[in-house]
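**Student:** My questions are about this predicted structure, shown below with the sequence.
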Amino acid sequence: MVTEVPLYRDRPEPPADPTAVDGWLSQVPPVGKRELRRGFPKALVREHQDLSAAMRSDQVTLLATSGTTADRLQVIWEWSWWDPQEREAMRLNARIARTMARTDYREAVLTTPACGAGTCHFGTQTAAERSIDGILFFNESADPTHWTGAECERMLHEWCEFAPRGVEADPAYLAIIARAALASGMRLPSPDFITLTYETTTRAMRRDIARAFDAPVFQLYGATEAGVLFMECEHGLLHPNERHGHVDLVPLPGRGRLARVLVTTLGRAWMPLLRYDIGDVVRAAESRNCPCGLVSDGPLLERIEGRQSDCMTVEGEAVTPLMLDDAIHAALGPEATLEQWQLAGDSLLVVDPASGTSAAAAAEAVGTLLARPLRGERVAAIAPEASGKYRLVKR
Ligand SMILES: [Zn+2]
């Protein structure tokens, strides 16, 4: 990368001695979305590569990630890189590996129609038209807050008919489908596993998904520009996908084992990343050992806490979106019916059709954590961003 990729040309030469690589890497300045955007695509293409020729022969395509405007990135996307590294990450989880080895394995995806594996499924298409390589993409409209009863019903019926063994889903989207299934009394065939990805999973999403599906739920953590970085195992810890990326954690101030994630991609021909700050905050696991027996050189994580730009600092301690979620649920208790929340300035918006009092209680809990007064506001719905993703914190 240092000799071939213009963006990294001024970085120090890597040492020949493998034992010195960690020390060298820790001195390499990180890059962020801004640097990737500024030089795109020229600064990211290796000297000997011909991007136009690779695009003409469909070896790579250019696509945009689905973040909010400030985060959106263009990516040189290569199928022959993405698919194997994602499959390998999934197989780090023993249950998923067993299921994927079955001859009748079939998978469905539920996310924004724009960000399912670099393809676009907007509009009205048949289930066959929304299937690629045996994977069925359920969704075809951008804003699940406004999915009609008919759209939900179509997806529930397709789910029953297709009976996926594995489901990859945006947790917000799957929670809406779970609630629709529960409300209709329809029993959906449970897959052998569900992976949640694309955005931060709140407790309310997990609760409603667990009510509707008798299937274990695992986090698959990655980004369009960086690949899959971590996969949750059957014991609830996230293991690094370390054949395809090296991860350095940069601790945040405070006692919470919170850290930023810098990724260096391995074995990637197009758009390799060297110490790329993915812009999220994670919580490292307490121990480096996991009962699942999978040994990793890289860090083990307890959970993904949310976007770094959504974190706040209170008395020297970082407060993450999931810590706000923890506080809300600690205040509401196990009987909580809250479905969704968003901190918007000084208001905590709460969607909770079954309770008129939870908004105030949730706002008080979050206000205590952030040491500032907040107003709780019960709303009928919270809209996603133009990208189709929901934000937990809006300033
Ligand atoms: Zn494990």
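**Tutor:** On my side now, so go ahead.

**Student:** What average pLDDT does stretch 162-180 get?
**Tutor:** Averaging the model's pLDDT scores along stretch 162-180 yields 95.

**Student:** Just give me how far that stretch sits from the chain centre.
**Tutor:** For stretch 162-180, the distance between its averaged C-alpha position and the chain's averaged C-alpha position is 15 Å (CA atoms, centre = their mean, to the nearest Å).

**Student:** so how far is the lowest-mean-pLDDT helix or strand in the chain from its chain's centroid?
**Tutor:** The helix or strand of the chain with the poorest confidence is strand 131-132; it has a mean of 81 (mean pLDDT, DSSP states H and E). With CA atoms, centre = their mean as the basis, the distance from the averaged C-alpha position of strand 131-132 to the chain average is 22 Å.

**Student:** and what of stretch 326-341?
**Tutor:** On the basis of CA atoms, centre = their mean, stretch 326-341 is displaced by 22 Å from the centre of the chain it belongs to.

**Student:** ditto for stretch 386-395
**Tutor:** The chain centroid and the centroid of stretch 386-395 are separated by 13 Å under CA atoms, centre = their mean.

**Student:** again, but for stretch 17-27
**Tutor:** Averaged C-alpha coordinates place stretch 17-27 at 29 Å from its chain's average position (CA atoms, centre = their mean).

**Student:** next one: stretch 71-85
**Tutor:** Going by CA atoms, centre = their mean, where stretch 71-85 is centred and where its chain is centred differ by 14 Å.

**Student:** Please apply the same query to stretch 217-233.
**Tutor:** Relative to the chain's own centre, stretch 217-233 is displaced by 6 Å; criterion: CA atoms, centre = their mean.

**Student:** now stretch 281-288
**Tutor:** The chain centroid and the centroid of stretch 281-288 are separated by 17 Å under CA atoms, centre = their mean.

**Student:** which residues touch that stretch?
**Tutor:** 230, 237-238, 249, 252, 256-261, 296, 299-308, 311, 318, 320 (CB atoms under 8 Å, 6 or more residues apart in numbering). In short, each C-beta sits where N, CA and C put it, glycine included.

**Student:** Identify each buried residue in it, please.
**Tutor:** When burial is assessed from 16 or more other CB atoms under 10 Å, stretch 281-288 yields the following buried residues: Val281, Val282, Arg283, Ala284, Ala285.

**Student:** which one of those is nearest Thr197?
**Tutor:** The closest of these to Thr197 turns out to be Val282 (CB to CB; 14.2 Å).

**Student:** mind checking how far that closest one is from Leu25?
**Tutor:** Relative to Leu25, Val282 is positioned 19 Å away (criterion: CB to CB, to the nearest Å).

**Student:** Equivalent analysis for Ala344, please.
**Tutor:** Taking CB to CB as the measure, Ala344 falls 39 Å from Leu25.

**Student:** and if you look at Arg395?
**Tutor:** When CB to CB is the yardstick, Arg395 and Leu25 sit 33 Å from each other.

**Student:** Looking at the two, which one has more neighbours?
**Tutor:** Under the neighbour definition other CB atoms under 10 Å, Arg395 and Leu25 were set side by side, and Leu25 has more, 17 against 9.

**Student:** contacts for the helix or strand harbouring the more buried one?
**Tutor:** Remark: Leu25 resides in helix 21-27, with elements defined by DSSP states H and E. The list of residues contacting helix 21-27 from outside it, by CB under 8 Å, 6+ apart, reads Pro12, Pro14, Pro15, His246, Asp248, Thr264, Arg275.

**Student:** Apply 10 Å and report the result again.
**Tutor:** Counting by CB atoms under 10 Å, 6 or more residues apart in numbering, helix 21-27 makes contact with 11-15, 17, 246, 248, 250, 262, 264, 274-275, all of which sit outside it.

**Student:** Between those residues, which sits nearest the ion?
**Tutor:** Each of those was scored against the ion by CB to the ion, and His246 proved nearest at 18.9 Å.

**Student:** Let me see the contact set for the closest one.
**Tutor:** In this structure, His246 makes contact with 21-22, 25, 229, 240, 262-266, 274-275, 297-298, judged by CB under 10 Å, 6+ apart.

**Student:** Keep only those of these that are in strands.
**Tutor:** With strands defined by DSSP state E, the entries of those inside them are Leu229, Pro240, Leu262, Val263, Thr264, Thr265.
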